[in-house]
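Trainee: My questions are about this predicted structure, shown below with the sequence.
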Amino acid sequence: MDAFSSFFSSANLQWVLAGSLLLGFASGVIGSFVLLKRQSLISDAMAHAALPGVCIIYILFQVKSVPFLLAGAAVTSLIATQSIQTIVNKSRIKTDAAIGIIISVFFGLGIVLLTYIQQNSSGNQAGLDSFIFGQAASLVRSDVQLIAIGALVLIILTALFFKEFKISIFDPQFAKGIGLPVTFFNGVLLFLVVAVVVIGIQMVGVVLIAALLITPPISARYWTDRLGWMTILAGIFGAIAGVSGAVLSTAFNNLPTGPVIVLSASLIFFISLFLGSKKGLIIKGVKHA
Amino acid sequence: MTYTMWIILTGCLVGLTCGVTGSILVLRKMSMIADAISHTVLLGIVGAFFVTQSLNGVPMLIGAGVVGILTALFVEMLHSSGVQSDAAIGIVFTSLFALGVVLISFIGDQVHLDVQHALMGEIAFVPWDTLSINGVSYGPIAVWMLGAVLIINLLLITLFYKEIKMSTFDAQFATLIGVPVVFIHYLLMTMVSLSTVASFDSVGAILVVAMLIVPGATAYLLTDRFLILLILSGVIGVVSALMGYWFAVSFNVSIAGSMAVATGVLFLVAFLFSPKHGVILRKWRNKIEENVQQSA
């Protein structure tokens, strides 16, 4: 409990809380659109593919400047997404196998590069490991500020384009008919997903961050049928998961942050599965009886 | 047998076992279920440890088998309650994997089981963990486990060859003529879980996914025949293991990671140059046909 009290008195606290809250909210909101586009597992591939990007930047430039590393992560994530598309379009391999190939090969490459860095650099590489499962406790103030501000920008962007996303996902034909640049908005959405994955990996880690995009929106579906409410609710669920995960893992120092955040999100899902007011199992049972 | 030979043998057995089993999954469009199971068996292994307080082979296999089937069941349940299948897979495996990782951190240092290990395995330690009966050493436990699982899988595939083939290519027809399609489904899930847990200790979760999916997909680009697909996929798995090992030793990097990358390299080669389905040769053929038509 000592760790607990010292955590709550630490100066970083407000920023960690703000960061995990905004990150959770942003990923819940953006994840809602990902879910509707049926791209949940593609986001998992993007997340895993971020690891080699981080390592390549570190090897090439020998810097640990976080924005730089994250830029590398964004590049490899985009390459991974593009590779999945290419494999599906140009060969007889189906989407699920293409995703599996990209996830495992890119992550394998990340591990190879990580071990290369461990063998060949002098000392200060510690920290790159935490990109795998995330470690809120090891974040310095500038990292958390980056997460908080980045997530806030993503939330604002999503709010601005909400209507356009909605139409181009639900009725792309109609959207094209009224002159909406659907391809452009698909691109914007892709950018938002990559961005939220990339700013989140320090806290949640590449292995599990996709859960933050998948689980809160599905939980929200058990409470509402309306897209607007769904995104807001998914955001709130994501924020609760983010904050509780960050707090618990920092308080108990040996717990990795990502898995704890994901478990909180899973708990919310479980509650929604049973109690959800729209599609929950209990309501369904009552209606049936 | 020397130290190096044991490691190479372990890698090849992983490639062979996962390659053969995984190719069926690729055909059945169940690659991501394999990905999910290879993550969730971690929970089975940790669970088996909490029950037996040791890292024994048999309880681990049972724990992993149980969690593997539970994973497939949960995904099926969520999917049939209206959640789209890829999201259902995403929720189930991230939850169970996260639970496994958190439980591992409670185990502490007294046993040789940690997160790093779960992800990358420790193939370099395999030759030291030997099976000894009455003081006589019979080689590494991992090799015995992999060998046993390989034999079980090959037996099951041979026994149910027709059923697996039919339910893979035409599930409706197979159901009609009385093939137990659901049974075959869970049989395959069990085979995947067994292969995963036998490989887990030496190569970790990532390489298992790579070995299950990528050689199968590569073979699928090279052949149209089921039996050849199974064999080819196993061969590609072995070749990837050898290539990966060589690369890892030359550059002093993660063996499991290098093997995963090697599967990717072979896939890329098949993707570009496969005689029938390769991108480049197909383009080339189209051009020749165009020229022939123009000159005709």
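Mentor: Nice, thanks for sending it over. The structure displayed is predicted, hence computed values, not measured ones. Numbers count the residues shown, from 1 in each chain, chains lettered A, B, ... in the order given.
Trainee: who touches the residue in the stretch 151-296 of chain B positioned nearest to chain A in this structure?
Mentor: Closest approach between the stretch 151-296 of chain B and chain A, counting by CB to the nearest CB: B:Ala260, at 2.6 Å. For every residue, glycine as well, the C-beta is placed using N, CA and C. Going by CB atoms under 8 Å, 6 or more residues apart in numbering or on different chains, B:Ala260 touches A:104-105, A:107-109, A:111, B:206-207, B:210-211, B:214, B:244.
Trainee: mind listing the helices for the stretch 101-250 of chain B?
Mentor: In the stretch 101-250 of chain B, the segments counted as helices under DSSP state H, counting those that start in this stretch are B:115-120, B:141-159, B:161-169, B:171-176, B:181-222, B:226-251.
Trainee: Return the residues of the stretch 101-250 of chain B in contact with chain A.
Mentor: Counting by CB under 8 Å from any CB of the partner chain, the stretch 101-250 of chain B comes close to chain A at B:101-102, B:105, B:115, B:119-120, B:206-207, B:209-210, B:212-214, B:216-217, B:220-221, B:248.
Trainee: again, only this time at 6 Å
Mentor: B:101-102, B:105, B:120, B:206, B:209-210, B:213-214, B:217 (CB under 6 Å from any CB of the partner chain).
Trainee: Please name the nearest non-neighbouring residue to the residue of the stretch 151-296 of chain B closest to chain A.
Mentor: Distances taken as CB to CB, 6 or more residues apart in numbering or on different chains place A:Gly108 nearest to B:Ala260, at 2.6 Å, with adjacent residues excluded.
Trainee: what about the one you found, how many residues close to it?
Mentor: When neighbours are defined as other CB atoms under 10 Å in any protein chain shown, A:Gly108 has 30 of them.
Trainee: what's the answer for A:Thr231, then?
Mentor: Neighbour tally, A:Thr231, other CB under 10 Å: 27.
Trainee: Now for the chain, the helix or strand with the poorest mean pLDDT.
Mentor: Answering for chain A, as no chain was given. helix A:2-9 (a mean of 54; mean pLDDT, DSSP states H and E).
Trainee: Chain B is the one I meant
Mentor: Taking mean pLDDT, DSSP H and E as the measure, chain B has helix B:115-120 as its least confident helix or strand, at a mean of 72.
Trainee: and it, how far from the chain's centre?
Mentor: With CA atoms, centre = their mean, to the nearest Å as the basis, helix B:115-120 stands 16 Å off its chain's centre.
Trainee: I'd like to know which elements that helix is packed against.
Mentor: When contacts are defined as 3 or more CB pairs under 6 Å, 6 or more residues apart in numbering or on different chains; DSSP states H and E, helix B:115-120 sits against helix B:181-222.
Trainee: what pLDDT does B:Thr71 get?
Mentor: Listed pLDDT for B:Thr71 reads 92.
Trainee: same deal with A:Pro217?
Mentor: On the pLDDT scale, A:Pro217 gets 96.
Trainee: Next SSE downstream of the helix or strand in which it is found?
Mentor: Using DSSP states H and E, the element containing A:Pro217 is helix A:209-221. Using DSSP H and E, the helix or strand that directly follows helix A:209-221 along the chain is helix A:227-251.
Trainee: So for that following helix, mean pLDDT?
Mentor: 92.
Trainee: Can that helix be said to contact chain B?
Mentor: No - shown here: helix A:227-251 not in contact with chain B (CB under 6 Å from any CB), separated by at least 9.2 Å.
Trainee: how big is the angle separating that helix from helix A:209-221?
Mentor: Here helix A:227-251 points in a direction 130 degrees away from that of helix A:209-221 (axes from the mean of the first three to the mean of the last three CA atoms, to 10 degrees).
Trainee: which secondary structure elements does helix A:227-251 contact?
Mentor: Secondary-structure packing of helix A:227-251 (3+ CB pairs under 6 Å, 6+ apart): helix A:2-9, helix A:13-36, helix A:209-221, helix A:257-275.
Trainee: tell me the most buried of those helices?
Mentor: Ranked by mean neighbour count, the helices and strands packed on helix A:227-251 are led by helix A:209-221 with a mean of 30 (mean count of other CB atoms under 10 Å in any protein chain shown).
Trainee: distance between it and the chain's centre?
Mentor: On CA atoms, centre = their mean, the centre of helix A:209-221 falls 9 Å from the chain's centre.
Trainee: Likewise for stretch A:232-248?
Mentor: Distance of stretch A:232-248 from the chain centroid (CA atoms, centre = their mean) equals 12 Å.
Trainee: Could you do stretch A:57-77 as well?
Mentor: The answer for stretch A:57-77 is 18 Å, by CA atoms, centre = their mean.
Trainee: Give me the contact list for it.
Mentor: For stretch A:57-77, contacts defined as CB atoms under 6 Å, 6 or more residues apart in numbering or on different chains pick out A:46, A:49-50, A:52-54, A:56, A:143, A:194, A:198.
Trainee: Go through the helices of the stretch 101-250 of chain B and pick out the most buried.
Mentor: Ranked by mean neighbours (mean count of other CB under 10 Å), these are led by helix B:181-222, with a mean of 27.
Trainee: Show me what the mean pLDDT comes to for that one.
Mentor: Mean pLDDT, computed over helix B:181-222, is 88.
Trainee: and what of stretch A:88-100?
Mentor: On average, stretch A:88-100 scores 93.
Trainee: Need the distance between the two termini of that stretch.
Mentor: Chord length of stretch A:88-100, first to last residue, is 12 Å (CA to CA, to the nearest Å).
Trainee: now it, how far from the centre of its chain.
Mentor: 23 Å.
Trainee: picking that back up, list just the one of the helices and strands packed on helix A:227-251 that sits closest to A:Phe170.
Mentor: Across these, A:Phe170 has its closest neighbour in helix A:13-36 (7.6 Å, CB to CB).
Trainee: Show residues contacting that closest one.
Mentor: Here helix A:13-36 has contacts from A:43, A:136, A:141, A:144, A:147-148, A:151-152, A:154-155, A:158, A:165, A:169, A:189, A:192-193, A:196, A:200, A:212-213, A:216-217, A:230-231, A:234-235, A:237-239, A:241-243, A:246, B:87, using CB under 6 Å, 6+ apart.
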